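K.L.:
Could you work out the structure for the sequence below:
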Amino acid sequence: MAKTNLELKVEGMTCDGCVRSVERKLSKVGGVESARVDLAAGKATVEYDDSQAQADQFIAAVEQIGYHASRT
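P.N.:
Next up, the predicted model:
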C-alpha cells in the first residue's frame, strides 16, 4: 500500500458544518486513511492508498455535495 497525500482547494465552504460534510464525503471514498479540511485556508488534505483511489474521485465526491474542488 502506497500512501499518498493530496491537497485540494475547496470553494464554497462557509461554516464548520461545511467542513464536516466535506470531511465525511472524502472519508467515504475507498482507500482513504484520513481527510482534514481547513476552512480558513479553503483546503482539504487527503491521505489515501493510491492503488485504491485517484485525485479525480476526491474532486467528484466534493462536487457531488455542492462545492467546487481542484488540485492545488
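
K.L.:
Quick check: neighbours of the top strand by length along the chain in the sheet, parallel or antiparallel?
P.N.:
Among the segments of the chain that qualify as a strand by DSSP state E, the longest is strand 3-11. Strand pairing for strand 3-11, using DSSP bridges, gives strand 43-49 (antiparallel), strand 68-71 (antiparallel).

K.L.:
next SSE after the longest one?
P.N.:
It refers to strand 43-49. helix 55-64 (DSSP states H and E).

K.L.:
Pull the distance from that following helix to the chain's centre.
P.N.:
7 Å (CA atoms, centre = their mean, to the nearest Å).

K.L.:
So what touches the lengthiest helix in the chain?
P.N.:
If you go by DSSP state H, the chain has its longest helix at helix 16-27. Residues outside helix 16-27 that contact it (CB atoms under 8 Å, 6 or more residues apart in numbering): 10, 12-13, 32, 34-37, 39, 44, 46, 58, 61-62, 64-65, 67. For the C-beta atoms, the positions are set from N, CA and C on the backbone; glycine is no exception.

K.L.:
Number of residues surrounding residue 64?
P.N.:
9 (other CB atoms under 10 Å).

K.L.:
so how far is residue 56 from the residue lying closest to it once chain neighbours are set aside?
P.N.:
By the measure of CB to CB, 6 or more residues apart in numbering, the closest residue to residue 64 outside its immediate chain neighbours is residue 25, 7.0 Å from it. Noted for residue 25: a distance of 14 Å to residue 56, by CB to CB, to the nearest Å.

K.L.:
For these two, work out which one has more neighbours and name it.
P.N.:
residue 25 (18 against 9).

K.L.:
low-confidence ranges in this structure?
P.N.:
1 (pLDDT under 70).

K.L.:
ok, 90 please
P.N.:
The chain contains residues with pLDDT under 90 at 1-2, 72.

K.L.:
ok so, going back, are any of the contacts of helix 16-27 buried, and if so which?
P.N.:
10, 13, 32, 35, 37, 44, 46, 58, 61-62, 67 (16 or more other CB atoms under 10 Å).

K.L.:
hmm, which two among those residues are most spread apart?
P.N.:
Distance extremes for the buried ones among the contacts of helix 16-27: the farthest pair is 13 and 32 at 18.6 Å, using CB to CB.
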